[in-house]
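S.K.: After the sequence you'll find the predicted model.
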Amino acid sequence: MDLNSVRIEINKIDKEIVACMEKRFNLAVEIGKYKKENNLPVYDEVREKKVIESCIGYLNNKNYASHIEYIYMQIMNSSKELQL
Ligand SMILES: O=C(O)C(=O)C[C@]1(C(=O)O)C=C[C@@H](O)C=C1
């Protein structure tokens, strides 16, 4: 294994992840505005369970399931903070 070339691959993936996270946060902010205007609660437990279930479903290697669950809980915690 060539450490440097694998790190270069990781750097590229990180760039994509951050771009996607930024888009996702922007959308969460939009939803937050809608929720405020319509007096809806920020936290939607059913939706969060569905998001996590779907994301675990996208995995080829289900050994990563608990990690995806943890990461998505953190992402959605950030979304909720951004919606306040
Ligand atoms: O779908 C929503 O209602 C959102 O506000 C987005 C989102 C998310 O980040 O996916 C954030 C908070 C909710 O508890 C559920 C989901």
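M.R.: Perfect, I can see it now. If you're wondering where the values come from, they're calculated on a predicted model, not measured in any experiment. Residues are numbered from 1 along each chain as shown.

S.K.: only C-alpha atoms for contact and neighbour calcs from this point on.
M.R.: Will do.

S.K.: In terms of secondary structure, what does the lengthiest helix in the chain contact?
M.R.: Assignment by DSSP state H gives helix 3-37 as the longest helix of the chain. Applying 3 or more Cα pairs under 8 Å, 6 or more residues apart in numbering; DSSP states H and E, one finds that helix 3-37 makes contact with helix 65-83.

S.K.: per-residue confidence averaged over the helix it packs on?
M.R.: The average pLDDT within helix 65-83 is 98.

S.K.: Report whether that helix contacts the ligand.
M.R.: Yes: for helix 65-83, a contact with the ligand is found by Cα under 6 Å from any ligand atom, at 76, 79-80.

S.K.: Could you export those residues as JSON lines, including neighbour count?
M.R.: As requested, those are exported to JSON lines (neighbours: other Cα atoms under 10 Å):
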{"residue": "76", "neighbour count": "18"}
{"residue": "79", "neighbour count": "21"}
{"residue": "80", "neighbour count": "18"}
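
S.K.: Could you pull up the residues touching residue 83?
M.R.: 28-29, 31-33, 42 (Cα atoms under 8 Å, 6 or more residues apart in numbering).
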